[in-house]
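Colleague: Sequence and predicted model, in that order:
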Amino acid sequence: MPGSLEYIDAYFNQTLNNQEAERFEQMLLSDKAFAEEVAFYLSAKQVLNEQNEKGKKDWFKELLANENSLSEPPSYERSQKTWLYRAVAAAAIIVLLVSSWYLFVLKSSSVQQRAETYIQKNLATLPVTMGANSDSVQQGLKLYNLGQFESSQKWFELILQNDTSNYSAKKYLGIVYLRLADYDKALLYFQQLENYSLYSNPAIFYQALALMKRNLPGDKAKARRLLQQVVDDDLEGKSSAQQFLKYW
């Protein structure tokens, strides 16, 4: 029966037919519980092989040590049971570690995916003010909405060369870098937005978003703290931050 240790043993002993072997390999990729069973099987088998060789030597040494004693010689079967218990315990620990690693990777991937979903839903296009001058921030937004991110990047950078305090240009340039997957530069501009005292400022929320996408060691924890700050301080992006935290 698929999922049983007998089934797993049959695969590694190459007694399954081609169709059954293919099904086994598909289950290994798609079924977490089954992958843990396979990990248990392999770990237990390895530990048993090691313990079996060591156990025979230990049993023989113990027998020699007791050859002049009137006590009952040690039972090899009893020793085998002890090794089996130890092997199962060791395998269980390995399975637990594998499972923990699997959940860590799954959660990290899930955080990145939720951030990407937010970006695709809310930042795929940005609002453009009709009738604005062609040399304004709006021109950069038009390029952005056409998917011309590199051209949009250059446009916003040109604006900032002439006006280093332009809040909108910094915000949109950060978003452009977010879409270009240059998360370090996106964070740089989002952090600069904190210097502006505005009623509505997404600086903290956008930083969390960039950290979730970058996903380097420590990024996820820092992103969570920033999202919690957005909620606690009632900052822009609060409702979205609550949703992120809800499924963290």
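Modeller: Cool, got the structure.

Colleague: List the buried residues of the strand or helix carrying residue 241.
Modeller: Following DSSP states H and E, one finds residue 241 within helix 238-246. By neighbour count on 16 or more other C-beta atoms under 10 Å, the buried set for helix 238-246 is 240-241, 244. The C-beta positions use only the backbone N, C-alpha and C, and glycine is treated the same way.

Colleague: Spatially, what comes nearest to residue 110 if we skip its sequence neighbours?
Modeller: In space, and not counting its chain neighbours, residue 110 is closest to residue 247: 7.7 Å by C-beta to C-beta, 6 or more residues apart in numbering.

Colleague: Would you report the backbone torsion angles of the one you found?
Modeller: Dihedral pair for residue 247: phi -110, psi 20, per degrees, to the nearest 10.

Colleague: which helices and strands does the host helix or strand of residue 11 pack with?
Modeller: Using DSSP H and E, the element containing residue 11 is helix 5-12. In this structure, helix 5-12 packs against helix 18-30, helix 32-65, with contacts taken as 3 or more C-beta pairs under 8 Å, 6 or more residues apart in numbering; DSSP states H and E.

Colleague: repeat that with 7 Å
Modeller: With contacts defined as 3 or more C-beta pairs under 7 Å, 6 or more residues apart in numbering; DSSP states H and E, the packing partners of helix 5-12 are helix 32-65.

Colleague: circling back to that earlier point, out of the buried residues of helix 238-246, which one has the weakest pLDDT?
Modeller: Lowest in pLDDT among the buried residues of helix 238-246 is residue 244, which has 94.

Colleague: Against residue 221, how distant is the residue nearest to residue 110?
Modeller: Computed as C-beta to C-beta, to the nearest Å, the residue 247 to residue 221 distance reads 16 Å.

Colleague: Low-confidence regions, the chain specifically.
Modeller: Under the criterion pLDDT under 70, the flagged ranges of the chain are 1-4, 46-109, 130-135.

Colleague: Can you spell out the domain ranges of it, please?
Modeller: As recorded under automatic domain parsing, the domains making up the chain are 31-106, 121-246.

Colleague: The longest one: how far from the chain's middle?
Modeller: Mean C-alpha position of domain 121-246 versus that of the full chain (C-alpha atoms, centre = their mean, to the nearest Å) differs by 23 Å.

Colleague: How far does that domain stretch from one end to the other?
Modeller: Taking C-alpha to C-alpha, to the nearest Å, the first and last residues of domain 121-246 lie 18 Å apart.
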